[in-house]
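Novice: Attaching a predicted model along with its sequence, questions to come.
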Amino acid sequence: MVMKLGIISNYLVREEDEKLLDLHFTYIERYTEVPYTIYATVNRLLPRFREKLEHRPEVKICDYPTTDLRGSEEQSYYLEYLVRRAIEDGASHIVSLHVDSFPIRSGWAQELAAKVSESSVFAVVAYGPYTACLFFQREFHLKYRPTFELSGAELSSERYKQFCKEFKHIPHIGFGYFFKAYVEGLPWYPLVETNRGNAGFIILTSIYEDSVFHLGTATFPDYNPLQHNALIGLKKRAWKHFWVPILRILLYSKIQQKALGAKRFIIPRHLMGFGWKHVGFPRFFAPIFWDARRQLLEDPESYLNYLRTGKRKNKYK
């Protein structure tokens, strides 16, 4: 069977991320050797960026009703439409990629397709940003109908409570696929981080299976890591008048950035899941994100080589 790949993405891009958008398309085109179509929703994309996509022959812009949902719920809303469109178009395999995730070497699609079979129903980034790369066959979706998020009834069910006990997941876009696999007793393939440079940061600047890169956070343009009043996003903010000035000094300093950049920074999955649920997005990674973004956009080849090998030019030390 000839592989026909459907790449799905909801394009939400800040004005200052035009170069990142270009990089995303450049690397997909350079390293994807199988026939592919990019299925895109652009409901909140700037008109000049939409025009860019309209001029790319591999992109199909899919116009669906605009939602008032934001964050992960908005992403999930559009991705559900895009999966269906890709399947209707005859895609044999579907992969979700964020605007800040893309392949970094040839053969990536074939290798992921080889990992997805009767013994592994999907391959997915194993830690948190699941839809940065979620790869599956059309047959899996047609048979089991997984969803990116879960309904209120599913979330309150005993089955889900048991699932939470057995799988300490992060309730991020795509966790519904894990729940479907759990309910049906199906195995899946984890795409593990293979960084040698910046190893262990989770979510930010990750390379998976030496095949797919993900910068992290750029897919949510409504989130600005530099907004000082949104440091950690706790639902109860009475503490902020006392603690925020101190935390700001500690977390946004060059000392913090260098310290985190020099060490392997690991957070156990259950703690990350708890934090995501009760604290919100880990905004204290902001200095790392902006520095990584700068390095990537200044010299993509050099920075990606550093992440893969641990070796980089002196200018980034």
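Specialist: Arrived safely. Small disclaimer: the values here were computed from a predicted structure and weren't measured.

Novice: Only C-alpha atoms from now on, for both contacts and neighbour counts.
Specialist: OK.

Novice: Roughly how far does the residue lying closest to L307 once chain neighbours are set aside sit from N305?
Specialist: What sits nearest to L307 in space, not counting adjacent residues and going by C-alpha to C-alpha, 6 or more residues apart in numbering, is G197, at 4.2 Å. G197 sits 9 Å away from N305, going by C-alpha to C-alpha, to the nearest Å.

Novice: Could you name every residue contacting both of the two?
Specialist: Shared contacts of G197 and N305, defined by C-alpha atoms under 8 Å, 6 or more residues apart in numbering, comprise K311.

Novice: re earlier: which ones are touching the residue nearest to L307?
Specialist: Contacts of G197 by C-alpha under 8 Å, 6+ apart are Y306, L307, R308, T309, G310, K311.

Novice: Throw those residues into CSV and include neighbour count and distance to K115, thanks.
Specialist: As requested, the contacts of G197 are exported to CSV (neighbours: other C-alpha atoms under 10 Å; distance: C-alpha to C-alpha, whole Å):
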residue, neighbour count, distance to K115
Y306, 18, 26
L307, 21, 23
R308, 23, 21
T309, 14, 24
G310, 14, 27
K311, 15, 29
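
Novice: Check which residues of stretch 170-183 are buried.
Specialist: 170-182 (16 or more other C-alpha atoms under 10 Å).

Novice: ok, those vs G6, which is closest?
Specialist: G174 (16.9 Å; C-alpha to C-alpha).

Novice: Go ahead and confirm the closest one touches T131.
Specialist: Yes: at 6.0 Å, G174 counts as touching T131 under the criterion of C-alpha atoms under 8 Å.

Novice: Phi and psi next, for V124.
Specialist: As for V124, its main-chain torsions (degrees, to the nearest 10) stand at phi -150, psi 150.

Novice: What sits closest to it if chain neighbours are left out?
Specialist: With C-alpha to C-alpha, 6+ apart, the residue lying closest to V124 is L134, at 4.5 Å.

Novice: Please list all residues in contact with the one you found.
Specialist: V95, S96, L97, F122, A123, V124, V125, G174.

Novice: burial count for the residue nearest to Y31 when sequence neighbours are not counted?
Specialist: Nearest in space to Y31, with sequence neighbours left out and distances taken as C-alpha to C-alpha, 6+ apart, is S106 at 4.5 Å. Applying other C-alpha atoms under 10 Å, we find 15 residues neighbouring S106.

Novice: One more: R159?
Specialist: R159: 13 neighbours (other C-alpha under 10 Å).

Novice: and what of S206?
Specialist: S206 has 28 neighbouring residues, counting by other C-alpha under 10 Å.

Novice: Can you report phi and psi for it?
Specialist: According to degrees, to the nearest 10, S206 has phi -110, psi 150.

Novice: Show me what secondary structure element comes after whichever strand or helix holds V83.
Specialist: Take DSSP states H and E as the rule and V83 turns out to sit in helix 72-88. As assigned by DSSP H and E, the chain's next helix or strand after helix 72-88 is strand 93-96.

Novice: For that following strand, which helices and strands make contact with it?
Specialist: Secondary-structure packing of strand 93-96 (3 or more C-alpha pairs under 8 Å, 6 or more residues apart in numbering; DSSP states H and E): strand 5-10, strand 134-137.

Novice: Partner strands of it and their direction?
Specialist: strand 5-10 (parallel), strand 134-137 (antiparallel) (DSSP bridges).

Novice: Report the distance from the longest one to the chain centre.
Specialist: Spelled out, it's strand 5-10. A distance of 13 Å separates the centroid of the chain from that of strand 5-10, by C-alpha atoms, centre = their mean, to the nearest Å.

Novice: now do stretch 206-219
Specialist: 7 Å.

Novice: just stretch 205-216 next, same as before
Specialist: Using C-alpha atoms, centre = their mean, the offset of stretch 205-216 from its chain centre is 9 Å.
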